[in-house]
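Participant: Structure for the following, please:
(chains A and B)
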Amino acid sequence: MIELRRLSVRSGGFAVENLELMVPAGGYGVLMGSTGSGKTTLLEAICGLRVVSGGSVWLDGVDVTRWNVGSRGIGYVPQDAGLFPTLSVREHLAFGLVLRRVSRREIRRRVEEVAAALGITSLLSRTPKHLSGGEARRVAIGRAIAFHPRLLLLDEPLSALDEDHRLRLLELLRNVHRNERVTTLHVTHYSDEAAAVGEHFFRLEGGRIVVCHQPSPALVGRADACRIEDSKGSHTTGGRGGGETR
Amino acid sequence: MSADASQPRSTDPQPEPQSGGQQRPFRTGSEWPFFVVSGAIGGGYVLLLLALLAADVASTSLEDLRAALTKPEILFAVRMTLVSCTLAALASLWVAVPLGYLLERFAFRGRGFVDAVLDIPVVLPPLVLGLSLLILFHLPIAGTTLEAFVQRSLGLQVTYAPVAVVLAQFVVAAAFAIHSMRLTFARIDPRPEAIAMTLGCRRSQAFWRVAFPQAWRGMVAAFSIAWARSLGEFGPILVFAGATRMKTEVLSTTVFLELSVGRLEAAVAVSLVMVAAAVIVLGIVRLAGGRVAG
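Facilitator: Residues are numbered from 1 along each chain as shown, chains lettered A, B, ... in the order given. Okay, the predicted model is just below:
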């Protein structure tokens, strides 16, 4: 479970304040918002890569706000994949497991399992410069889930991919979530992408998070797709973007 | 220069509306004057450097070179140079990698001050640097000196000894190596290191596992630059280590010593050896630096 309680983050002149969000254990949350609304800043704050100026981050009922980055057990997939240029795909998948001193045998088993699930078994000996954009995203997802994280954060994992790769990766994300049941928070600005994978919907706009509730399937993909409730609980209708629950 | 730029030409005439409704062809003119003037200005300097090398080569012979390079003093200086430059370059790299990383990756209080301090060896006259080293090691502090302290605790004489050669070279070379490593880390994307930390790395592990393996070409370049700087060092060595034959003599001081006794041909022969070493090092820097940039 991931829960944000009145979380505030400031970065230069930019700020998001008093954000509230909750995705239950094993749930798939989607956070939507326009470019520059602070989605990536928020994910980095959840990871611990940015100092929060107020509020708290809770993982599985534990306040991890003051924990260092590596202790949080979060699998983070950044928008640019952020692969390690000198490591092979196999080393990427094993990275988190090696740090946790998992036995070699178990690392080998888990790497093969994740690679098979993501369809990258044939790429295991390649380095990032020999991967396409879609392959790099799959490796980044594999690296993030291989060590059984408590939370998976996906920052626009389908951006800059063509339609075919987007559809394939969406299907893959659905399968990964179904098999791993890891609590996931997926950031996007596409409502159709959100609708395809999400269970819980949120929108970040004007520096606050609004909760989207079961929009009409007929409205998916439209700008006014979701009925919203602001983070303090008062209901309104309208808003932009949104999605449907599965 | 790109293929297009190497063939300066006018653009095709473009119709331009005139106030009276008539159109007059618009031409940008020839690109040649720009390249001719720039080439003449820059080319003059390149020619001057080549002329210097040509003059050195012309004023010596294979016989002079052989005679110079078989003298025991000069052979000692060659060995001393190879060892001291290598030790100074290794020590420079030892300092430059962590300092370059810290200065490039983190904004901390006093970073500007550290930056300014690191420029001191670059801007200070070399003789002053040597003098400062000499004073530092002989300044009485609490009834003793640094020289006496090192001698007592390590049994090592520093001033006017081979150690002083390495130290004098290191003080200058490290500043250049740090600058080179800062550039290297500036070119390495910090994002993967942050991702490595989310996966469970401490900062040190992220450095060793992610940043360090990417920096090795930059380290080769930094080592080579430090080595080349050490090779050319003369002022601080003369003041701090002296120019004692068969003891603290390196190639740069050999040129000085040979000149001071009027043996121009030996001085030129040693200079050519140094030029050859510099060319090799520059080749390595270009190769490594180009790949870092790529």
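Participant: can we go C-alpha only for contacts and neighbour counts from here?
Facilitator: Fine.
Participant: give me every residue that touches whatever residue of chain A ends up closest to chain B.
Facilitator: Of all residues in chain A, A:Gly70 sits closest to chain B, at 3.7 Å by Cα to the nearest Cα. When the contact criterion is Cα atoms under 8 Å, 6 or more residues apart in numbering or on different chains, the partners of A:Gly70 are B:197-202.
Participant: Then B:Val128?
Facilitator: Contacts here follow Cα under 8 Å, 6+ apart; on that basis B:Val128 touches B:Pro236.
Participant: returning to that earlier point: out of the contacts of A:Gly70, who has the most neighbours?
Facilitator: B:Leu199 (30 neighbours; other Cα atoms under 10 Å in any protein chain shown).
Participant: my read: it touches A:Gly96, true?
Facilitator: Yes - B:Leu199 is in contact with A:Gly96 according to Cα atoms under 8 Å; the separation is 5.2 Å.
Participant: Tell me where chain A has helices.
Facilitator: Residue ranges of the helices in chain A, as given by DSSP state H, are A:39-47, A:89-99, A:104-118, A:133-145, A:163-180, A:191-197.
Participant: Could you export these to a markdown table, including columns for mean neighbour count and mean pLDDT?
Facilitator: Rendered in a markdown table, the data for the helices of chain A read as follows (neighbours: other Cα atoms under 10 Å in any protein chain shown; pLDDT from 0 to 100):
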| stretch | mean neighbour count | mean pLDDT |
| --- | --- | --- |
| helix A:39-47 | 23 | 91 |
| helix A:89-99 | 23 | 97 |
| helix A:104-118 | 17 | 94 |
| helix A:133-145 | 25 | 93 |
| helix A:163-180 | 15 | 87 |
| helix A:191-197 | 22 | 85 |
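Participant: Next, format the contacts of A:Gly70 as TSV and append distance to B:Ile237, pLDDT and secondary structure.
Facilitator: Compiled in TSV, the contacts of A:Gly70 are given as follows (distance: Cα to Cα, whole Å; pLDDT from 0 to 100; DSSP: H, G, I helix; E, B strand; the rest coil):
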residue	distance to B:Ile237	pLDDT	secondary structure
B:Met197	45	95	helix
B:Thr198	48	95	helix
B:Leu199	49	95	coil
B:Gly200	48	94	coil
B:Cys201	44	94	coil
B:Arg202	42	93	coil
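Participant: between those, which is nearest B:Thr253?
Facilitator: If you rank these by distance to B:Thr253 using Cα to Cα, B:Arg202 comes first, at 47.3 Å.
Participant: ok, back up a step: now for B:Leu199 and A:Gly96: what residues contact both?
Facilitator: In the contact map built from Cα under 8 Å, 6+ apart, the residues linked to both B:Leu199 and A:Gly96 are A:Ala144.
Participant: near chain A at all, the strand or helix carrying B:Cys85?
Facilitator: Element membership of B:Cys85, judged by DSSP states H and E, is helix B:72-105. No - using Cα under 8 Å from any Cα of the partner chain, no contact is recorded between helix B:72-105 and chain A, whose separation bottoms out at 13.8 Å.
Participant: Give the next helix or strand downstream of that helix.
Facilitator: Next in line after helix B:72-105, if elements are assigned by DSSP H and E, sits helix B:111-118.
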